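Visitor: Curious how this folds, go ahead:
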Amino acid sequence: MIGVVPNQHITDMIASGQIIGTPPVDDAQIQPASLDLRLGTVAYRVRASFLAGHGAKVADRLTEFEMHRVDLTEGAVLEKGCVYVVPLMETLALPQGTSAAANAKSSTGRLDLLTRTITDGGTEFDRIAPGYTGPLYAEICPRSFSVLVRPGMRLNQIRFSTGNATLDDDALRALHADTPLVDGEAVIDDGLGFSVDLRLPDTTLVGYRAKPHTGVIDLDKLGYYEPAQYWEEVHSDNGQIILDPGAFYILVSREAVTIPPEYAAEMAPYLAMVGEFRVHYAGFFDPGFGHASAGGAGSRGVLEVRCHEAPFVLEHGQVVGRLVYEKMTQVPTQLYGAGIASNYQGQGLKLSKHFSPPR
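Guide: Now for the predicted structure:
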(Lines give C-alpha, C1' and ligand atoms only; values in the text may rest on other atoms or scores of the structure.)
Protein backbone atom coordinates (compact mmCIF):
# COMPACT_ATOMS: atom_id res chain seq x y z
CA MET A 1 0.00 0.00 0.00
CA ILE A 2 1.36 3.42 -0.97
CA GLY A 3 1.60 6.08 1.70
CA VAL A 4 3.21 7.30 4.90
CA VAL A 5 3.50 4.66 7.63
CA PRO A 6 1.36 5.35 10.75
CA ASN A 7 2.30 4.72 14.38
CA GLN A 8 0.79 1.23 14.60
CA HIS A 9 2.85 0.07 11.62
CA ILE A 10 6.00 1.66 13.07
CA THR A 11 5.39 -0.56 16.10
CA ASP A 12 5.23 -3.55 13.72
CA MET A 13 8.50 -2.46 12.06
CA ILE A 14 10.19 -2.43 15.46
CA ALA A 15 8.82 -5.87 16.33
CA SER A 16 10.02 -7.32 13.00
CA GLY A 17 13.54 -5.92 13.30
CA GLN A 18 13.26 -3.31 10.53
CA ILE A 19 13.98 -0.68 13.22
CA ILE A 20 16.52 -1.63 15.88
CA GLY A 21 17.16 0.43 18.99
CA THR A 22 20.12 0.08 21.39
CA PRO A 23 18.72 0.33 24.03
CA PRO A 24 15.31 -0.79 22.71
CA VAL A 25 12.97 1.82 21.25
CA ASP A 26 10.70 3.39 23.85
CA ASP A 27 6.98 3.75 23.13
CA ALA A 28 7.26 7.50 23.82
CA GLN A 29 9.41 7.85 20.67
CA ILE A 30 6.55 6.74 18.42
CA GLN A 31 4.57 9.66 17.01
CA PRO A 32 1.44 9.51 14.80
CA ALA A 33 3.48 9.38 11.57
CA SER A 34 7.12 9.34 12.66
CA LEU A 35 9.69 7.98 15.08
CA ASP A 36 11.84 10.18 17.30
CA LEU A 37 15.55 9.38 17.05
CA ARG A 38 17.84 9.38 20.10
CA LEU A 39 21.35 10.75 20.46
CA GLY A 40 24.07 8.25 21.30
CA THR A 41 26.91 8.65 23.80
CA VAL A 42 29.55 10.46 21.75
CA ALA A 43 29.68 13.52 19.49
CA TYR A 44 32.39 13.96 16.88
CA ARG A 45 33.44 17.55 16.30
CA VAL A 46 34.18 17.78 12.58
CA ARG A 47 35.83 20.39 10.38
CA ALA A 48 32.88 20.67 8.04
CA SER A 49 29.51 19.24 7.18
CA PHE A 50 29.69 16.25 4.85
CA LEU A 51 27.76 13.43 3.19
CA ALA A 52 29.15 9.89 3.03
CA GLY A 53 28.64 9.53 -0.74
CA HIS A 54 28.07 6.41 -2.83
CA GLY A 55 29.76 3.32 -1.44
CA ALA A 56 31.27 5.09 1.58
CA LYS A 57 30.53 4.75 5.27
CA VAL A 58 30.07 7.69 7.61
CA ALA A 59 32.48 6.09 10.10
CA ASP A 60 35.22 6.08 7.46
CA ARG A 61 34.59 9.70 6.52
CA LEU A 62 34.78 10.67 10.20
CA THR A 63 38.44 9.67 10.25
CA GLU A 64 38.92 12.25 7.51
CA PHE A 65 37.04 15.13 9.15
CA GLU A 66 37.12 14.47 12.91
CA MET A 67 38.80 17.09 15.10
CA HIS A 68 37.98 15.63 18.53
CA ARG A 69 35.38 13.60 20.37
CA VAL A 70 32.97 14.77 23.06
CA ASP A 71 31.69 12.30 25.64
CA LEU A 72 27.97 12.97 26.14
CA THR A 73 27.47 10.47 28.96
CA GLU A 74 27.32 13.06 31.74
CA GLY A 75 26.03 15.81 29.47
CA ALA A 76 28.14 18.09 27.29
CA VAL A 77 27.85 21.43 25.52
CA LEU A 78 27.64 21.59 21.73
CA GLU A 79 28.98 25.01 20.93
CA LYS A 80 27.38 27.58 18.68
CA GLY A 81 28.93 27.70 15.21
CA CYS A 82 30.50 24.21 15.40
CA VAL A 83 29.53 21.08 13.49
CA TYR A 84 29.09 17.73 15.24
CA VAL A 85 28.20 14.22 14.09
CA VAL A 86 26.45 12.01 16.65
CA PRO A 87 25.74 8.29 16.07
CA LEU A 88 22.10 7.62 16.90
CA MET A 89 20.72 4.78 19.01
CA GLU A 90 18.55 3.56 16.11
CA THR A 91 19.64 1.52 13.09
CA LEU A 92 17.54 0.41 10.13
CA ALA A 93 17.01 -2.72 8.08
CA LEU A 94 14.31 -1.49 5.70
CA PRO A 95 12.63 -3.78 3.18
CA GLN A 96 12.90 -2.93 -0.49
CA GLY A 97 10.24 -0.40 -1.38
CA THR A 98 10.27 1.32 2.01
CA SER A 99 12.13 4.62 2.15
CA ALA A 100 12.39 7.27 4.83
CA ALA A 101 12.74 11.00 5.33
CA ALA A 102 14.04 12.73 8.43
CA ASN A 103 13.60 16.19 9.85
CA ALA A 104 14.34 18.21 12.97
CA LYS A 105 11.67 18.17 15.66
CA SER A 106 9.70 21.37 16.19
CA SER A 107 11.51 22.46 19.33
CA THR A 108 14.88 21.76 17.68
CA GLY A 109 14.07 24.04 14.76
CA ARG A 110 12.80 26.81 17.00
CA LEU A 111 16.21 26.92 18.70
CA ASP A 112 17.95 27.38 15.33
CA LEU A 113 19.60 24.03 15.96
CA LEU A 114 20.36 22.75 12.47
CA THR A 115 19.96 18.97 12.77
CA ARG A 116 20.11 16.68 9.74
CA THR A 117 20.29 12.93 9.32
CA ILE A 118 23.08 11.26 7.34
CA THR A 119 23.55 7.61 6.38
CA ASP A 120 26.15 5.29 4.91
CA GLY A 121 26.22 5.77 1.13
CA GLY A 122 23.98 8.81 1.45
CA THR A 123 24.06 11.56 -1.18
CA GLU A 124 21.35 13.75 0.39
CA PHE A 125 20.63 15.01 3.87
CA ASP A 126 17.49 13.69 5.56
CA ARG A 127 16.68 11.22 2.79
CA ILE A 128 17.09 7.47 3.37
CA ALA A 129 17.08 5.24 0.30
CA PRO A 130 14.55 2.39 -0.11
CA GLY A 131 15.83 -0.81 1.49
CA TYR A 132 18.56 0.97 3.47
CA THR A 133 20.31 -1.19 6.05
CA GLY A 134 22.76 0.45 8.40
CA PRO A 135 23.34 3.08 11.09
CA LEU A 136 21.90 6.58 11.37
CA TYR A 137 23.78 9.72 12.36
CA ALA A 138 22.69 13.21 13.32
CA GLU A 139 24.70 16.14 12.05
CA ILE A 140 24.15 18.98 14.52
CA CYS A 141 25.15 22.61 14.08
CA PRO A 142 23.92 25.04 16.75
CA ARG A 143 23.43 28.31 14.91
CA SER A 144 22.15 30.77 17.54
CA PHE A 145 22.58 29.13 20.95
CA SER A 146 25.04 26.67 22.48
CA VAL A 147 23.13 23.69 23.90
CA LEU A 148 23.68 21.10 26.61
CA VAL A 149 22.81 17.60 25.39
CA ARG A 150 22.74 14.09 26.85
CA PRO A 151 22.39 10.57 25.42
CA GLY A 152 18.81 9.69 24.58
CA MET A 153 17.74 13.24 23.73
CA ARG A 154 15.47 13.39 20.70
CA LEU A 155 16.38 16.20 18.31
CA ASN A 156 15.20 14.73 15.02
CA GLN A 157 12.59 12.32 13.73
CA ILE A 158 12.12 9.91 10.85
CA ARG A 159 9.07 9.23 8.69
CA PHE A 160 8.70 6.00 6.67
CA SER A 161 6.79 5.62 3.42
CA THR A 162 6.13 3.28 0.54
CA GLY A 163 5.90 4.64 -2.97
CA ASN A 164 5.09 8.24 -3.84
CA ALA A 165 2.10 9.34 -1.77
CA THR A 166 2.35 13.07 -2.51
CA LEU A 167 -0.90 14.75 -3.50
CA ASP A 168 -0.73 16.72 -6.73
CA ASP A 169 -2.44 20.10 -6.95
CA ASP A 170 -5.70 18.70 -8.31
CA ALA A 171 -5.96 16.20 -5.47
CA LEU A 172 -5.06 18.94 -3.00
CA ARG A 173 -7.83 21.20 -4.34
CA ALA A 174 -10.32 18.35 -4.03
CA LEU A 175 -9.22 17.67 -0.46
CA HIS A 176 -9.53 21.35 0.47
CA ALA A 177 -13.02 21.47 -1.04
CA ASP A 178 -14.02 18.48 1.11
CA THR A 179 -12.08 19.37 4.28
CA PRO A 180 -10.78 22.97 4.40
CA LEU A 181 -7.03 22.92 4.94
CA VAL A 182 -6.68 26.63 5.72
CA ASP A 183 -9.04 29.24 7.14
CA GLY A 184 -9.44 31.25 3.97
CA GLU A 185 -8.54 31.07 0.34
CA ALA A 186 -6.18 28.21 -0.44
CA VAL A 187 -3.20 29.16 -2.61
CA ILE A 188 -2.37 25.85 -4.29
CA ASP A 189 0.63 25.74 -6.59
CA ASP A 190 3.02 22.82 -6.22
CA GLY A 191 1.63 22.39 -2.70
CA LEU A 192 -0.41 24.55 -0.33
CA GLY A 193 1.12 28.00 -0.04
CA PHE A 194 1.30 29.83 3.25
CA SER A 195 2.16 33.41 4.06
CA VAL A 196 3.61 35.39 6.95
CA ASP A 197 1.45 37.26 9.48
CA LEU A 198 2.88 40.67 10.35
CA ARG A 199 -0.42 42.16 11.57
CA LEU A 200 -1.30 40.15 14.68
CA PRO A 201 -4.49 41.27 16.43
CA ASP A 202 -4.25 43.84 19.25
CA THR A 203 -0.45 43.95 19.30
CA THR A 204 2.54 45.21 17.35
CA LEU A 205 4.55 42.13 18.39
CA VAL A 206 5.01 39.98 15.26
CA GLY A 207 8.00 37.80 16.09
CA TYR A 208 11.27 37.22 17.89
CA ARG A 209 14.90 37.57 16.86
CA ALA A 210 17.66 35.52 18.47
CA LYS A 211 20.17 37.55 20.48
CA PRO A 212 23.77 37.10 19.31
CA HIS A 213 25.43 36.48 22.69
CA THR A 214 23.58 34.30 25.19
CA GLY A 215 24.07 31.54 27.73
CA VAL A 216 23.80 27.80 27.19
CA ILE A 217 20.37 26.14 26.87
CA ASP A 218 19.97 22.79 28.63
CA LEU A 219 17.56 20.91 26.38
CA ASP A 220 16.11 18.99 29.33
CA LYS A 221 14.83 22.18 30.99
CA LEU A 222 11.30 22.95 29.85
CA GLY A 223 9.50 26.22 30.56
CA TYR A 224 12.68 27.32 32.34
CA TYR A 225 14.41 30.11 30.44
CA GLU A 226 13.36 33.75 30.43
CA PRO A 227 12.70 34.69 26.79
CA ALA A 228 14.18 38.19 27.15
CA GLN A 229 17.60 36.71 27.91
CA TYR A 230 17.70 34.95 24.52
CA TRP A 231 15.31 36.80 22.22
CA GLU A 232 14.57 40.34 21.12
CA GLU A 233 10.95 41.14 20.37
CA VAL A 234 10.22 42.16 16.79
CA HIS A 235 7.49 44.79 16.43
CA SER A 236 5.77 46.25 13.40
CA ASP A 237 3.03 48.84 13.06
CA ASN A 238 2.96 48.86 9.26
CA GLY A 239 2.89 45.17 8.32
CA GLN A 240 6.52 44.88 7.33
CA ILE A 241 9.90 44.11 8.85
CA ILE A 242 13.44 44.12 7.49
CA LEU A 243 15.35 40.87 7.92
CA ASP A 244 19.04 41.29 8.74
CA PRO A 245 21.59 39.01 7.05
CA GLY A 246 22.64 36.17 9.31
CA ALA A 247 19.86 36.79 11.85
CA PHE A 248 17.36 34.15 12.96
CA TYR A 249 13.68 34.93 13.50
CA ILE A 250 10.60 33.19 14.84
CA LEU A 251 7.49 34.35 12.97
CA VAL A 252 4.06 32.85 12.35
CA SER A 253 1.93 31.99 9.35
CA ARG A 254 -1.16 34.03 8.55
CA GLU A 255 -3.09 30.85 7.80
CA ALA A 256 -4.40 28.41 10.39
CA VAL A 257 -3.52 25.00 8.97
CA THR A 258 -5.34 21.68 9.28
CA ILE A 259 -3.90 18.21 8.62
CA PRO A 260 -6.76 15.68 8.33
CA PRO A 261 -6.16 12.32 10.08
CA GLU A 262 -5.71 10.48 6.76
CA TYR A 263 -2.80 12.70 5.72
CA ALA A 264 0.61 13.94 6.80
CA ALA A 265 2.41 17.03 5.53
CA GLU A 266 5.88 18.45 5.21
CA MET A 267 6.85 22.09 5.05
CA ALA A 268 9.07 22.78 2.06
CA PRO A 269 10.93 26.02 1.36
CA TYR A 270 9.33 28.26 -1.20
CA LEU A 271 11.09 29.09 -4.44
CA ALA A 272 14.41 30.82 -3.83
CA MET A 273 13.40 33.65 -6.12
CA VAL A 274 10.92 35.04 -3.56
CA GLY A 275 13.69 36.35 -1.34
CA GLU A 276 17.04 35.86 0.31
CA PHE A 277 15.87 33.81 3.28
CA ARG A 278 15.19 30.26 4.42
CA VAL A 279 11.85 29.65 6.06
CA HIS A 280 12.01 26.35 7.94
CA TYR A 281 14.17 23.87 9.78
CA ALA A 282 11.53 21.54 11.22
CA GLY A 283 9.03 20.58 8.59
CA PHE A 284 6.90 17.56 9.61
CA PHE A 285 3.21 18.12 10.32
CA ASP A 286 1.49 15.09 11.86
CA PRO A 287 -2.00 13.76 11.14
CA GLY A 288 -4.47 15.63 13.33
CA PHE A 289 -2.42 18.86 13.56
CA GLY A 290 -4.98 21.64 13.89
CA HIS A 291 -7.84 19.19 13.30
CA ALA A 292 -11.04 19.29 15.36
CA SER A 293 -10.97 15.52 15.95
CA ALA A 294 -7.64 15.93 17.76
CA GLY A 295 -8.54 18.99 19.83
CA GLY A 296 -7.45 21.59 17.31
CA ALA A 297 -9.30 24.29 15.43
CA GLY A 298 -6.64 25.14 12.92
CA SER A 299 -3.09 25.80 14.10
CA ARG A 300 -0.68 28.41 12.79
CA GLY A 301 2.59 27.29 11.33
CA VAL A 302 5.59 28.70 13.17
CA LEU A 303 8.19 29.98 10.71
CA GLU A 304 11.88 29.58 11.49
CA VAL A 305 13.42 32.23 9.27
CA ARG A 306 17.08 32.90 8.53
CA CYS A 307 18.06 35.76 6.22
CA HIS A 308 21.01 35.14 3.90
CA GLU A 309 23.01 37.56 1.78
CA ALA A 310 21.21 40.91 1.87
CA PRO A 311 18.71 42.76 4.06
CA PHE A 312 15.23 41.83 2.90
CA VAL A 313 11.84 43.49 3.41
CA LEU A 314 9.24 40.95 4.47
CA GLU A 315 5.63 42.12 4.15
CA HIS A 316 2.36 40.96 5.66
CA GLY A 317 0.70 38.29 3.55
CA GLN A 318 3.81 37.51 1.52
CA VAL A 319 3.88 33.85 0.47
CA VAL A 320 6.98 32.34 2.07
CA GLY A 321 6.55 28.58 1.85
CA ARG A 322 4.36 25.64 1.02
CA LEU A 323 2.99 22.49 2.60
CA VAL A 324 3.23 19.24 0.67
CA TYR A 325 0.54 16.75 1.69
CA GLU A 326 0.97 12.97 1.59
CA LYS A 327 -1.59 10.23 2.08
CA MET A 328 -1.19 7.84 4.99
CA THR A 329 -1.32 4.09 4.35
CA GLN A 330 -3.82 3.98 7.22
CA VAL A 331 -5.26 6.42 9.73
CA PRO A 332 -2.98 6.47 12.80
CA THR A 333 -4.38 5.06 16.02
CA GLN A 334 -2.94 8.14 17.76
CA LEU A 335 -3.38 11.63 16.34
CA TYR A 336 -1.33 14.74 17.03
CA GLY A 337 -2.61 16.44 20.16
CA ALA A 338 -5.07 13.69 21.07
CA GLY A 339 -3.83 12.40 24.40
CA ILE A 340 -0.12 12.60 23.63
CA ALA A 341 2.45 15.22 24.63
CA SER A 342 1.90 17.56 21.68
CA ASN A 343 3.28 20.94 22.63
CA TYR A 344 2.04 23.00 19.70
CA GLN A 345 -1.60 22.03 19.02
CA GLY A 346 -3.67 25.20 18.56
CA GLN A 347 -0.51 27.31 18.52
CA GLY A 348 0.06 30.85 17.40
CA LEU A 349 3.33 32.77 17.63
CA LYS A 350 5.27 30.61 20.09
CA LEU A 351 8.87 29.99 21.12
CA SER A 352 10.15 26.50 21.86
CA LYS A 353 8.97 24.66 24.98
CA HIS A 354 12.22 25.51 26.78
CA PHE A 355 11.10 29.09 27.43
CA SER A 356 8.69 30.31 30.07
CA PRO A 357 5.41 31.70 28.72
CA PRO A 358 4.99 35.50 28.44
CA ARG A 359 3.84 37.15 31.64
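
Visitor: ends of stretch 103-118, how far apart?
Guide: Taking CA to CA, to the nearest Å, the first and last residues of stretch 103-118 lie 11 Å apart.

Visitor: what about the helices in the stretch 251-359 of the chain?
Guide: Read by DSSP state H, counting those that start in this stretch, the stretch 251-359 of the chain holds no helices at all.

Visitor: for it, which spans come out with low pLDDT?
Guide: Scanning the stretch 251-359 of the chain for pLDDT under 70 picks out the ranges 269-277, 279-282, 292-298, 337-347, 358-359.

Visitor: now the strands for it?
Guide: Taking DSSP state E, counting those that start in this stretch as the test, the strands found in the stretch 251-359 of the chain are 263-269, 277-278, 284-285, 299-307, 312-315, 319-327.

Visitor: cool, and the stretch 51-200 of the chain?
Guide: Using DSSP E, counting those that start in this stretch, strands in the stretch 51-200 of the chain cover 66-71, 76-78, 83-93, 98-104, 113-119, 127-128, 133-142, 147-149, 156-162, 192-195.

Visitor: Dump those strands to TSV, plus mean neighbour count and distance to Gly288.
Guide: Every residue, glycine included, has its C-beta placed from N, CA and C. Conversion of the strands of the stretch 51-200 of the chain to TSV gives the following (neighbours: other CB atoms under 10 Å; distance: least, CB to CB, whole Å):
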stretch	mean neighbour count	distance to Gly288
strand 66-71	12	37
strand 76-78	19	32
strand 83-93	20	24
strand 98-104	22	17
strand 113-119	24	24
strand 127-128	20	24
strand 133-142	21	26
strand 147-149	21	29
strand 156-162	23	15
strand 192-195	22	17
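
Visitor: Would you mind giving these as CSV with distance to His54 and mean pLDDT added?
Guide: CSV is the format used below for those (distance: least, CB to CB, whole Å; pLDDT from 0 to 100):
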stretch, distance to His54, mean pLDDT
strand 66-71, 21, 97
strand 76-78, 29, 98
strand 83-93, 18, 98
strand 98-104, 17, 95
strand 113-119, 12, 95
strand 127-128, 14, 96
strand 133-142, 14, 97
strand 147-149, 31, 98
strand 156-162, 21, 97
strand 192-195, 34, 89
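
Visitor: related to what we said a few turns ago, could you dump the strands of the stretch 251-359 of the chain into CSV and include mean neighbour count and distance to Phe160?
Guide: Formatted as CSV, the strands of the stretch 251-359 of the chain follow (neighbours: other CB under 10 Å; distance: least, CB to CB, whole Å):
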stretch, mean neighbour count, distance to Phe160
strand 263-269, 23, 11
strand 277-278, 20, 26
strand 284-285, 25, 12
strand 299-307, 24, 23
strand 312-315, 16, 35
strand 319-327, 21, 11
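
Visitor: Nearest to Asp197 among these would be which one?
Guide: With CB to CB as the criterion, Asp197 lies closest to strand 299-307 of the strands of the stretch 251-359 of the chain, at 7.4 Å.

Visitor: thinking again about what came up before, same list, the strands of the stretch 251-359 of the chain, but as TSV with distance to Tyr336 please.
Guide: TSV is the format used below for the strands of the stretch 251-359 of the chain (distance: least, CB to CB, whole Å):
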stretch	distance to Tyr336
strand 263-269	10
strand 277-278	24
strand 284-285	8
strand 299-307	9
strand 312-315	28
strand 319-327	14
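
Visitor: And those: which comes nearest Val147?
Guide: Nearest of the strands of the stretch 251-359 of the chain to Val147, taken as CB to CB: strand 299-307 at 15.4 Å.

Visitor: Count the residues that sit near Pro357.
Guide: Applying other CB atoms under 10 Å, we find 9 residues neighbouring Pro357.

Visitor: before we move on, back to that, quick check: which of the strands of the stretch 251-359 of the chain is nearest to Gly109?
Guide: Taking CB to CB, strand 299-307 is the member of the strands of the stretch 251-359 of the chain nearest to Gly109, at 4.8 Å.

Visitor: circling back to that earlier point, of the strands of the stretch 251-359 of the chain, give the one that comes closest to Gly191.
Guide: Closest of the strands of the stretch 251-359 of the chain to Gly191 is strand 319-327, at 3.6 Å (criterion: CB to CB).

Visitor: and the closest one, what other elements does it pack with?
Guide: With contacts taken as 3 or more CB pairs under 8 Å, 6 or more residues apart in numbering; DSSP states H and E, strand 319-327 sits against strand 3-4, strand 192-195, strand 263-269, strand 299-307.

Visitor: can you tell me which of the ones you listed comes nearest to Gly215?
Guide: Here strand 299-307 is closest among the helices and strands packed on strand 319-327 (CB to CB), at 20.7 Å.

Visitor: Tell me how far stretch 162-180 lies from the chain's centre.
Guide: In terms of CA atoms, centre = their mean, to the nearest Å, the centre of stretch 162-180 is set 22 Å apart from its chain centre.

Visitor: now what about it, what contacts it?
Guide: Residues outside stretch 162-180 that contact it (CB atoms under 8 Å, 6 or more residues apart in numbering): 1-5, 97-99, 181-182, 186, 188-192, 258, 260, 263, 324-329.

Visitor: What of stretch 142-154?
Guide: Applying CB under 8 Å, 6+ apart, the external contacts of stretch 142-154 come out as 29, 36-41, 43, 72-82, 89, 105, 111-114, 155, 210, 214-220, 230, 248, 306.

Visitor: rewinding a little: save the strands of the stretch 51-200 of the chain as CSV, and put in distance to Leu314 too.
Guide: Output for the strands of the stretch 51-200 of the chain, formatted as CSV (distance: least, CB to CB, whole Å):
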stretch, distance to Leu314
strand 66-71, 37
strand 76-78, 30
strand 83-93, 28
strand 98-104, 22
strand 113-119, 21
strand 127-128, 29
strand 133-142, 24
strand 147-149, 27
strand 156-162, 27
strand 192-195, 10
